[in-house]
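A.B. asks: Provided below for reference: sequence and predicted model.
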Amino acid sequence: MNIFVANLNYKVRSENLKEIFAEYGEVTAARIITERGTRRSKGFGFVEMSNDDDAKKAIAALDGDEWEVRTIIVKEALPRTEAPAAPAAEQPAAE
């Protein structure tokens, strides 16, 4: 199961996420989302756990918990959707 974690302290790293969620089961991946140019944390990330029951226990235990001086939001991640394509610039009609 893929888990969304928000309102993270900007100092939190992927390794920290993995450690905290590992208390509830096997973590297959953990990543903090960063800005492209600066590589600075955006304050949220994702954790993947191999067992859905363990993931649900982690969500129930950690959602609303205070971690690194922040109240974190933890919930099941929504499936990723493709962003709609930007409309093409309108061209003047050929006469």
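C.D. replies: All right, it came through fine. Numbering: from 1, shown residues only.

A.B. asks: Near residue 46, how many residues? Count them for me, please.
C.D. replies: 16 (other Cβ atoms under 10 Å). Any C-beta I mention is one placed from the backbone N, CA and C, and that applies to glycine too.

A.B. asks: ok, residue 64 touching residue 75?
C.D. replies: No. Taking Cβ atoms under 8 Å as the contact criterion, residue 64 and residue 75 are not neighbours in contact, 10.5 Å apart.

A.B. asks: Where does pLDDT dip in the chain?
C.D. replies: Counting by pLDDT under 70, the chain shows low-confidence ranges at 82-95.

A.B. asks: what's next to whichever helix in the chain runs longest, contact-wise?
C.D. replies: With secondary structure taken from DSSP state H, the chain has its longest helix at helix 52-62. Contacts to helix 52-62, defined as Cβ atoms under 8 Å, 6 or more residues apart in numbering, come from residues 1, 3, 5, 20-21, 23-26, 47, 49, 72, 74-76.

A.B. asks: what sits up against the strand or helix carrying residue 33?
C.D. replies: For residue 33, the element it lies in under DSSP states H and E is strand 27-34. Applying Cβ under 8 Å, 6+ apart, the external contacts of strand 27-34 come out as 8, 12-15, 17-18, 21, 40-42, 44-50.
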